[in-house]
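Colleague: here is my input; please provide its structure:
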Amino acid sequence: MALYAIGDTHLSLSSNKPMDVFGGGWEGYVDKLQKGFAAVGPEDTVVLCGDLSWGMSLDEAKKDFAFLDALPGARKLLLKGNHDYWWNTAAKMNRFFAESGFSTLRILHNNCYEYGGYALCGTRGWFYEETGDQKVFKRELIRLEASLKAAGERPKLCFLHYPPLYQGYRCPEIIALLEQYGVERCYYGHLHGGSHRLAVEGRQGDVAYYLVSADYVGFRPQKICE
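Modeller: Have a look, this model is predicted:
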């Protein structure tokens, strides 16, 4: 039983916004994702770090959820990304998944999940381009702390969509929460193409950071622990 992470699948199986138009590594990305997931075992857990579907509603994203649900893995923990416009209340999303027969999809939002003694925590996070909206920023801090508190004293791994730091930028409030609650490692997405060069990876202070956006990791979920 292993734990994996990948972000930014950007599926568009029933909406007209495929990522292939960006060329390069995104060409044939749906097939690449299917091949990349071949390494995931039937009992494994995969954390999906946001920007999962271009669907504007749960119904429009249904084919994308069906694709994710059918991929290997016993659990896929879903984070919200900045392009996940289908996102709704946890109750509505869980009901939709249950009614659709999606048995592997779980929402990581104001909560945490256990894996091998670790607590898996997370939320969307924050980004410098949106610093003007302090109301949303404060909500993200509350959600992150709620997830970290839910973990209790267990060792913690954190998953975000937005990077909490990269070259020339730090979000001190989020970093302070990660360090305050003793997070060992933080995995994030959002950065694509030329922005990969901005990624900060490895230990910074008390926390180690890793970029797992799909085009950065070759559309293969990254094994975190086993």
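Colleague: direction included, what does the lowest-mean-pLDDT helix or strand in the chain pair against?
Modeller: The weakest-scoring helix or strand in the chain, judged by mean pLDDT, DSSP states H and E, is strand 169-170 (a mean of 89). Applying DSSP bridges, strand 169-170 is found paired with strand 165-166 (antiparallel).
Colleague: now do the helices in the chain.
Modeller: Counting by DSSP state H, the chain has helices at residues 29-36, 62-70, 90-100, 134-150, 172-180.
Colleague: can you say which of the ones you listed is nearest to residue 166?
Modeller: Residue 166 lies closest, by C-beta to C-beta, to one member of the helices of the chain: helix 172-180, at 11.9 Å. All C-beta atoms are positioned from the backbone trio N, CA, C, and that covers glycine.
Colleague: quick one, that closest one and helix 134-150 angle?
Modeller: Taking axes from the mean of the first three to the mean of the last three C-alpha atoms, to 10 degrees, helix 172-180 and helix 134-150 form an angle of 0 degrees between their directions.
Colleague: contacting residues for the residue positioned nearest the centre of the chain?
Modeller: Nearest to the geometric centre of the chain sits residue 49, at 0.8 Å (C-alpha atoms, centre = their mean). Shown in contact with residue 49 (C-beta atoms under 8 Å, 6 or more residues apart in numbering): 5-8, 79, 81, 122, 159-161, 187-189, 212-213.
Colleague: so it versus residue 118, what's the distance?
Modeller: Using C-beta to C-beta, to the nearest Å, one gets 16 Å for the distance from residue 49 to residue 118.
Colleague: this protein: strands as residue ranges?
Modeller: For the chain, the strands defined by DSSP state E occupy 3-6, 45-48, 75-78, 105-107, 112-115, 118-123, 156-160, 165-166, 169-170, 183-188, 202-204, 207-211, 222-225.
Colleague: as JSON lines, those strands with mean neighbour count would be great.
Modeller: As requested, the strands of the chain are arranged in JSON lines below (neighbours: other C-beta atoms under 10 Å):
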{"stretch": "strand 3-6", "mean neighbour count": "25"}
{"stretch": "strand 45-48", "mean neighbour count": "27"}
{"stretch": "strand 75-78", "mean neighbour count": "23"}
{"stretch": "strand 105-107", "mean neighbour count": "20"}
{"stretch": "strand 112-115", "mean neighbour count": "18"}
{"stretch": "strand 118-123", "mean neighbour count": "26"}
{"stretch": "strand 156-160", "mean neighbour count": "26"}
{"stretch": "strand 165-166", "mean neighbour count": "22"}
{"stretch": "strand 169-170", "mean neighbour count": "13"}
{"stretch": "strand 183-188", "mean neighbour count": "22"}
{"stretch": "strand 202-204", "mean neighbour count": "11"}
{"stretch": "strand 207-211", "mean neighbour count": "19"}
{"stretch": "strand 222-225", "mean neighbour count": "17"}
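Colleague: no further questions, thank you.
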